[in-house]
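In: got a structure for you, letters missing:
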Ligand SMILES: C[C@@H]1N[C@@H](c2nc3ccccc3[nH]2)[C@H](O)[C@@H]1O
């Protein structure tokens, strides 16, 4: 392997308490909010078919017109407490907020740019009250920060000339200043979610990024930073030139999920997901496929079954309203979580053979196994092929622990579990499996369920 000075500084998962907490979240909320929301994905009566938060890059959007939008940013309906309550009801354990997206508009009072909320009609800090509201609901806050910043004179896609390099040094100092400022202003933040780090210019900044990451980690012990921040000695991100994961978890799953445990390489990871195919910021006219709560619940369960977190995106409109489609999804997902959350929180991957009826999760606290059923077989029998030396001690619906189900042995380590057919399941349901290993538990087999 290559000798890397700026590659992965740790092999394998972090095992400290803050990372354990992160690993056990299951469900998160992403919030994309900024001046792009004022356009709603349209300009001058024309429909923008790209991602709404990218509308500044649309050839039909005059750049100076976009850059004046902040003079209209005055969200009368911004209610951070209501947003936090809604997220609590949905069952989100953490929230990631765009402090600054690619356009550079800073949603907090920044000493380092005039392109921020203090120079908008709204005038006040957006981030602070949001952090307080989510902290009050017991939802951990993470700060999204785009390194790419179209508003900054020193920003460069690549460094071709000496002038580029000189300008980029200013940009690097600006970037560091804003990040230090954010961590000083919002010390209850548990981590940073970096974006906009794919430019060639940034990929040459292995030394700067490593020193900055160390500085940020020193400011908030346990701070959680994913794989999308640092480039290594050769400009590789996410995985260094030896194939080792950079940062504390893999951040590559944007609008997609791993399909197998092998796809995750055994790392921690999050998947961030839009409700339409590709809209993070507010677009008033969602076209194409809009995901249902059923689809999103399956993505959540699949993520947890593969040891990841699922982060669902919300894009409030220019007045600070959560749109009705998202409010409905938050309610529907929350209703499902209220009944089935034990199969999500503090759960992860179980190495039993994947079956067609759905997904297994296993509690990291008491070893209980959850079968989350999406595709109930017509004969009402769920095939279960356990790992070796496993005994099924007790099986029952999570919603009805008194209804003991008797597995039918098919062959060694393989059973049919008869789910009650007259029980009309109308949404994904959970069967609990309490199990033990045939050896005494000295070999670290499944912990005996308490
Ligand atoms: C989390 C998501 N990442 C940003 C983004 N910009 C991209 C440019 C090219 C390819 C993928 C991108 N994702 C999106 O605007 C959103 O913030």
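Out: Looks like it came in fine. Predicted, not measured: the structure shown is a model, and the values here were computed from it.

In: and the strands in the stretch 1-150 of the chain?
Out: According to DSSP state E, counting those that start in this stretch, the stretch 1-150 of the chain carries its strands in the segments 27-31, 42-43, 46-47, 94-100, 140-146.

In: closest one to residue 214 among the ones you listed?
Out: Residue 214 lies closest to strand 140-146 among these, at 16.7 Å (CB to CB). Every residue, glycine included, has its C-beta placed from N, CA and C.

In: just the strands of the stretch 1-150 of the chain: most buried one?
Out: Across the strands of the stretch 1-150 of the chain, averaging neighbours per residue (mean count of other CB atoms under 10 Å) puts strand 94-100 on top, at a mean of 25.

In: quick one, that strand and strand 140-146 angle?
Out: 30 degrees (axes from the mean of the first three to the mean of the last three CA atoms, to 10 degrees).

In: ok, residue 63 to the ligand distance?
Out: Using CB to the nearest ligand atom, to the nearest Å, residue 63 is found at 18 Å from the ligand.

In: write out the residues of the stretch 51-200 of the chain neighbouring the ligand.
Out: Residues of the stretch 51-200 of the chain lying close to the ligand by CB under 6 Å from any ligand atom are 51, 53, 195.

In: redo that, cut-off 5 Å
Out: The stretch 51-200 of the chain has residues 53, 195 near the ligand, with proximity defined as CB under 5 Å from any ligand atom.

In: need the helices for the stretch 51-200 of the chain, in chain order.
Out: Using DSSP state H, counting those that start in this stretch, the helices assigned to the stretch 51-200 of the chain run over residues 63-68, 80-90, 127-136, 162-185, 200-203.

In: could you list the buried residues of the longest one?
Out: In terms of neighbour count (16 or more other CB atoms under 10 Å), helix 162-185 has its buried residues at 164, 167-168, 171-172, 174-176, 178-179, 181-183, 185.

In: gap between residue 236 and residue 30?
Out: Separation of residue 236 from residue 30 (CB to CB, to the nearest Å): 25 Å.

In: please disregard the earlier target; I meant residue 266.
Out: In terms of CB to CB, residue 266 sits 25 Å off from residue 30.

In: skip the chain neighbours and tell me the closest residue to the residue nearest the centre of the chain.
Out: Centroid check for the chain by CA atoms, centre = their mean gives residue 311 as the closest residue, at 3.4 Å. In this structure, residue 311 finds its nearest non-sequential neighbour in residue 28, 3.9 Å apart by CB to CB, 6 or more residues apart in numbering.

In: pull out the buried residues from stretch 386-394.
Out: Those would be 386, 390, 392, for stretch 386-394 by 16+ other CB under 10 Å.

In: would you check that the residue nearest to residue 311 makes contact with residue 309?
Out: Yes. With contact defined as CB atoms under 8 Å, residue 28 reaches residue 309; the gap is 5.6 Å.

In: find the residues that touch each one of the two.
Out: Shared contacts of residue 28 and residue 309, defined by CB atoms under 8 Å, 6 or more residues apart in numbering, are found at 94, 270.

In: return the per-residue confidence for the residue in the stretch 1-150 of the chain that the ligand sits nearest to.
Out: Residue of the stretch 1-150 of the chain nearest the ligand, by CB to the nearest ligand atom: residue 53 (4.8 Å). In the predicted model, residue 53 carries a pLDDT score of 98.

In: wait, doesn't it sit right on residue 313?
Out: No. Counting by CB under 8 Å, residue 53 sits too far from residue 313 to count as a contact (10.4 Å).

In: who has more neighbours, these two?
Out: The neighbour comparison of residue 53 against residue 313 (other CB atoms under 10 Å) goes to residue 53, with 26 against 20.

In: ok, for that one, nearest residue in space, not its chain neighbours?
Out: Distances taken as CB to CB, 6+ apart place residue 281 nearest to residue 53, at 3.1 Å, with adjacent residues excluded.

In: surely the one you found touches residue 48?
Out: No. Residue 281 is beyond contact range of residue 48, at 10.6 Å (criterion: CB under 8 Å).

In: any residues in contact with both of the two?
Out: 41, 55.
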